[in-house]
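Provided below for reference: sequence and predicted model.
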Amino acid sequence: MSIDVSLESPAQRFGSLVNTYLLPLGWFFILTGMFWAWDRTTYHKLFYIFLALPTLGMLIAQRKWFKPLVCNPLFLAFLAFSAYTLLSIAWSDTENSVGSLLKRPLYIAMLLFAAGIISLRSPGQLEQCTRLAAIFAALAAGVSLAYFLYLNPSFTGRRLVGYGALYNPLLTAHLFGAFAAFWLASWFQARSALSPLPLVCLAILGLAVLATGSRTPLIGLAAALGWLLVVGDRRRGLMAVGMIVLALIGVALAYPEAVTQRGVSFRPAIWLESLRQISEHPWLGHGFDSPMTVIIPGLGRTLADPHNIELGVLYAGGIVGLALWMAIYGVAMYFCWAYRKHPGVTLAATWLIFGFASGLTEGSAFMSRPKEHWFLIWIPMALVYGQSLVHWKRSRAA
């Protein structure tokens, strides 16, 4: 039986328009925009126009969505951490305005709400949009890799920096690695081990990661594979381990410098110096966005972060902040483990674990405007949040 559109209220028509077109488009843009938006300002505008503002308009027009979105345990954990982080501005030495810092958790909340609204109104649509974005990312990685090899046929002496709004090989590797984790989980869930789409996309993104010269996403992918070995098909897991071993042997034989040339990149020394500074204010931290300076003898330059997201949280929020931060991940992983039989949950958890493990060796921007670190933290968290809204709702209804 068809529904007469004329009987819908203006708020309902607005909600249908936003959820059917704007929010999925905004989600696609935020996942792919770094590849084709040629500067950060444009990328931020894409987020504001196509995701943040429509989500806010949706919440105002249809206030019935607000309660289920906010009362979710995962969002409540995020809310508690955000409140404490903003409170810590009171003792921070930040150089940014308070107004600018207050907006940052709001941006993340809009991302979470957008994922939640899409999931509640159209279960499965969020995963479909993410899959389209992952295909686009593989195409972008292939084009970037081809152009890089054209400029550097020997594949030595240079690192793939990235194109579009990407400008740093390490940060570029965050995106390539995140989508590689998506396709790794997709391959585990494919009907056939020889399913071409996940295999081809995974191979292209894997090569792009290697071309960046960054080892951070390799750590994340190893952790993601470990999760899939536990919850996924064991036979396919053994196949994946075998392929990885062969790939590592091939890289070691063809390009041994990729493994040996940079050692541990001063990470232990950076972490020790960061811990020394953290010990000055261990419980409450230095405050949100408080500047950090790390000087390592022999490095030749001054660093501004601890190269570890959790140490970044600990530096800013102290032990209290880190406990609240880990509570977010604790709630997320509790849900992912409880509902691990659902493919969408397993896929979201794989990306989340990739991001967490990658963040152990790089970064500190745990609460920022849209940037590469969102692909390690908040985008996979939004996927988990969307899945939790759907499955926890069904469990309560059962």
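Sure thing, it's come through.

can we go C-alpha only for contacts and neighbour counts from here?
Will do.

pLDDT below threshold where in the stretch 251-398 of the chain?
251-263, 393-398 (pLDDT under 70).

Helices along that one, start to end?
Taking DSSP state H, counting those that start in this stretch to define them, one finds helices in the stretch 251-398 of the chain at 257-260, 267-278, 309-338, 343-358, 378-397.

most tightly surrounded among the ones you listed?
Highest mean neighbour count among these (mean count of other C-alpha atoms under 10 Å): helix 343-358, with a mean of 26.

got the angle between that one and helix 378-397?
140 degrees (axes from the mean of the first three to the mean of the last three C-alpha atoms, to 10 degrees).

which one of the helices of the stretch 251-398 of the chain lies closest to residue 284?
helix 309-338 (4.3 Å; C-alpha to C-alpha).

counting contacts, what elements does the closest one pack onto?
Here helix 309-338 touches helix 73-87, helix 267-278, helix 343-358, helix 378-397, going by 3 or more C-alpha pairs under 8 Å, 6 or more residues apart in numbering; DSSP states H and E.

The stretch 101-250 of the chain: strands as residue ranges?
Using DSSP state E, counting those that start in this stretch, no strands are assigned anywhere in the stretch 101-250 of the chain.

sorry, back to before: of all the helices of the stretch 251-398 of the chain, which one is nearest residue 19?
helix 378-397 (13.9 Å).

Residue 361 - how many residues pack around it?
23 (other C-alpha atoms under 10 Å).

Enumerate every residue touching it.
216, 267, 307-309 (C-alpha atoms under 8 Å, 6 or more residues apart in numbering).

Identify, from those residues, the entry nearest to residue 96.
Distances from residue 96 to those, taken by C-alpha to C-alpha, are shortest for residue 309, at 20.0 Å.

The closest residue to the closest one other than its chain neighbours - how many residues pack around it?
Spatial nearest neighbour of residue 309, chain neighbours left out: residue 364 (4.2 Å); criterion: C-alpha to C-alpha, 6 or more residues apart in numbering. Close neighbours of residue 364, defined as other C-alpha under 10 Å, add up to 24.

and if you look at residue 96?
Residues near residue 96, counting by other C-alpha under 10 Å: 10.

Which pLDDT value belongs to residue 13?
At residue 13, the model reports a pLDDT of 71.

a helix runs through it, doesn't it?
Yes. Counting by DSSP: H, G, I helix; E, B strand; the rest coil, residue 13 is found in a helix.

ok, now which ones touch residue 301?
Residue 301 neighbours (C-alpha under 8 Å, 6+ apart): residue 295.

Let's see that with 10 Å instead.
For residue 301, the contacting residues are 294-295, by C-alpha atoms under 10 Å, 6 or more residues apart in numbering.
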